[in-house]
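Asker: Pasting the sequence and the predicted model now:
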Amino acid sequence: MAEIETGTQARQGTRGKPVLYVLIGSLLLLAVYMVGLLTWSGATAPPDHASQSQEAARATAAGSNSGSSSPSGSPSTNPNPPPVQQPR
């Protein structure tokens, strides 16, 4: 004959401190992972433009100074063409 069990006995796990320990352990592992991720990300990130001089930041944004440019130093093509006007 089958045993009759209560709801607490039939549960896979009981509530209490073991569940709390698993929760705290998983949160600690998450914190260690996040610290490692942010440390690695900060170490491999490119330098920001605020720490560079203004001319170095311009050279980085515009590309190299050699290439196809007019004698005045401006690019030969306009990187920002005027907007196209729609007919009315």
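Answerer: Nice, I can see it. Numbers count the residues shown, from 1 in each chain.
Asker: got the contact list for G42?
Answerer: Not one residue lies near G42 by C-beta atoms under 8 Å, 6 or more residues apart in numbering. C-betas here are computed from N, CA, C, even on glycine.
Asker: element containing it?
Answerer: helix 17-44 (DSSP states H and E).
Asker: now swap in N80 and tell me
Answerer: Applying DSSP H and E, one finds N80 in no helix or strand.
Asker: quick one: it from Q86, how far?
Answerer: Distance from N80 to Q86, counting by C-beta to C-beta, to the nearest Å: 19 Å.
Asker: How about I24?
Answerer: As judged by C-beta to C-beta, I24 and Q86 stand 62 Å apart.
Asker: can you check L23 too?
Answerer: 60 Å.
Asker: Among these two, which residue is more densely surrounded?
Answerer: When L23 and Q86 are compared for neighbours, L23 comes out ahead with 10 against 5, by other C-beta atoms under 10 Å.
Asker: buried stuff in stretch 2-22?
Answerer: Judged by neighbour count (16 or more other C-beta atoms under 10 Å), stretch 2-22 contains no buried residues.
Asker: can I get the CA coordinates of it in CSV?
Answerer: Extracted in CSV, the C-alpha atoms of stretch 2-22 (Å, rounded to 0.1, in the frame of the first residue of the first chain):
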residue,chain,number,x,y,z
ALA,A,2,1.3,3.5,-0.9
GLU,A,3,2.3,5.9,1.9
ILE,A,4,0.2,9.0,2.4
GLU,A,5,2.5,12.0,2.6
THR,A,6,1.8,15.6,3.7
GLY,A,7,2.5,18.5,1.4
THR,A,8,5.8,19.3,3.1
GLN,A,9,7.0,15.7,2.8
ALA,A,10,6.0,15.6,-0.9
ARG,A,11,8.0,18.7,-1.8
GLN,A,12,11.3,18.2,-3.6
GLY,A,13,13.0,20.6,-1.2
THR,A,14,12.1,22.3,2.0
ARG,A,15,12.3,26.0,2.5
GLY,A,16,14.8,27.4,5.0
LYS,A,17,18.5,28.1,5.2
PRO,A,18,19.7,25.9,2.4
VAL,A,19,17.7,27.9,-0.1
LEU,A,20,19.0,31.1,1.4
TYR,A,21,22.6,29.9,1.1
VAL,A,22,22.1,29.0,-2.6
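Asker: Thanks a lot, catch you later.
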